[in-house]
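Q: Have a look; sequence and predicted model below, questions after that.
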Amino acid sequence: MKIQMYSNPIFYDLCTKKKKDDIPFYLFWANNCKGNILEIASGTGRLAEPLINAGYNYTGLDLSSTFIDYTQKKYSEGNFICGDMRNFSLGQEFDLIILPFNSFLHLLNEKDMKSCLKSIKKHLSSNGSFILDIFIPDPEFIYREPTKKYKEMIIDHPSEGKYTIWQTSKFDQQKEICSINWYFENEKKNIIYEYQFIMNIVYPDTMDRVLTDSGFTINEKKGDYNGDPFDEESLLQLYICSKAQNDKRYFF
């Protein structure tokens, strides 16, 4: 059975709940900015929970109406809005805007990337910070055997038991797009669910250029959540940006 992860908060929670290494990083920057926070692609509230619990004025934006309903009921102190990251208008500015955990890579072409960044820039306060978090393309991942299944994780569903998630991926080098399949195998070794998605593969030189072209200044570029500078050994591209001063670029 094919499933859509972004309309299934239980499965999404199970597949992302172990992702905690970025929480101190975002709490640090929230404390540094000390203002309103906007998280783009807020999902089921993985980062909303610690930020709201720490007392910050939090807004989450997500394309999935199912996720928005789920998180608003779960975290009543936050403000959750259904919207498209490529073009949104919330009528306010934020002192910190974050786009974590590779969500930017759902934008599959430069036009959509720049459209998203245009909306972000419009909502960022004059002294605010925008943080973007994406992975470094790993040749061992993108060029691996497309028919071979690799173990991604094991999850424990509250009513269905344990699933082992196997992954296959195929990279289109010309388009720089990776097509990924997840297979949910139960304890009887039967594949019960299948989830398909595609992801943009964005290299650092491209990301640097797109941010600069979109009217941002890259103030810092980190290679991990500990704050180490970006270098050839880094696994992540962590950008801390602000609006470029006297930027007069126009977007169409």
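A: Thanks, I have it. Residues are numbered from 1 along each chain as shown.
Q: in the chain, which residue is closest to the centre?
A: Nearest to the mean C-alpha position of the chain, by Cα atoms, centre = their mean, lies Ser103 at 2.5 Å.
Q: And that residue, how far from Asp208?
A: 19 Å (Cβ to Cβ, to the nearest Å). (C-beta placed from N, C-alpha, C; glycine too.)
Q: ok so, going back, tell me the pLDDT of the residue nearest to the centre of the chain.
A: Per-residue pLDDT puts Ser103 at 98.
Q: That one contacts Ala41, doesn't it?
A: Yes. Using Cβ atoms under 8 Å, Ser103 makes contact with Ala41 at a distance of 3.4 Å.
Q: does Ser119 count as helix, strand or coil?
A: Three-state assignment for Ser119 (DSSP: H, G, I helix; E, B strand; the rest coil): helix.
Q: so how many other residues sit close to it?
A: 21 (other Cβ atoms under 10 Å).
Q: Can you tell me the closest non-neighbouring residue to it?
A: Phe88 (5.1 Å; Cβ to Cβ, 6 or more residues apart in numbering).
Q: Equivalent analysis for Ile154, please.
A: Spatial nearest neighbour of Ile154, chain neighbours left out: Thr164 (5.2 Å); criterion: Cβ to Cβ, 6+ apart.
Q: Go over the secondary structure and confirm that neighbour is in a helix.
A: No. Counting by three-state DSSP, Thr164 is not found in a helix; it is strand.
Q: can you tell me which residues contact the residue nearest to Ser119?
A: Phe88 sits next to 61, 81, 119, 123 when contact means Cβ atoms under 8 Å, 6 or more residues apart in numbering.
Q: Mind checking which of those residues are buried?
A: The neighbour count (16 or more other Cβ atoms under 10 Å) marks 61, 119, 123 as buried among the contacts of Phe88.
Q: Tell me the one among those nearest to Glu160.
A: Leu61 (30.5 Å; Cβ to Cβ).
Q: Please point out which parts of whatever helix or strand the closest one lives in sit buried.
A: Taking DSSP states H and E as the criterion, Leu61 maps to strand 58-62. For strand 58-62, the neighbour count (16+ other Cβ under 10 Å) marks 58-62 as buried.
Q: Output the helix or strand of the chain with the lowest mean pLDDT as CSV, restricted to C-alpha atoms.
A: Least confident helix or strand of the chain, by mean pLDDT, DSSP states H and E, is helix 139-142 with a mean of 94. Output of helix 139-142 as CSV, limited to C-alpha atoms (Å, rounded to 0.1, in the frame of the first residue of the first chain):
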residue,chain,number,x,y,z
PRO,A,139,28.5,10.7,-3.4
GLU,A,140,28.2,7.3,-1.6
PHE,A,141,24.5,8.0,-1.2
ILE,A,142,23.5,9.6,-4.6
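Q: ok, and what's touching that helix?
A: Contacts for helix 139-142 (Cβ under 8 Å, 6+ apart): 169, 171, 178, 201.
Q: The third one touches Pro146, doesn't it?
A: This points to Cys178. No. Using Cβ under 8 Å, Cys178 makes no contact with Pro146, being 10.0 Å away.
Q: what about those two, which has more around it?
A: More crowded of Cys178 and Pro146, by other Cβ under 10 Å: Cys178, with 18 against 11.
Q: what are the bridge partners for the more buried one, then?
A: Phe171, Met199 (DSSP bridges).
Q: what about Gly161, how many residues close to it?
A: For Gly161, the neighbour count with other Cβ under 10 Å is 11.
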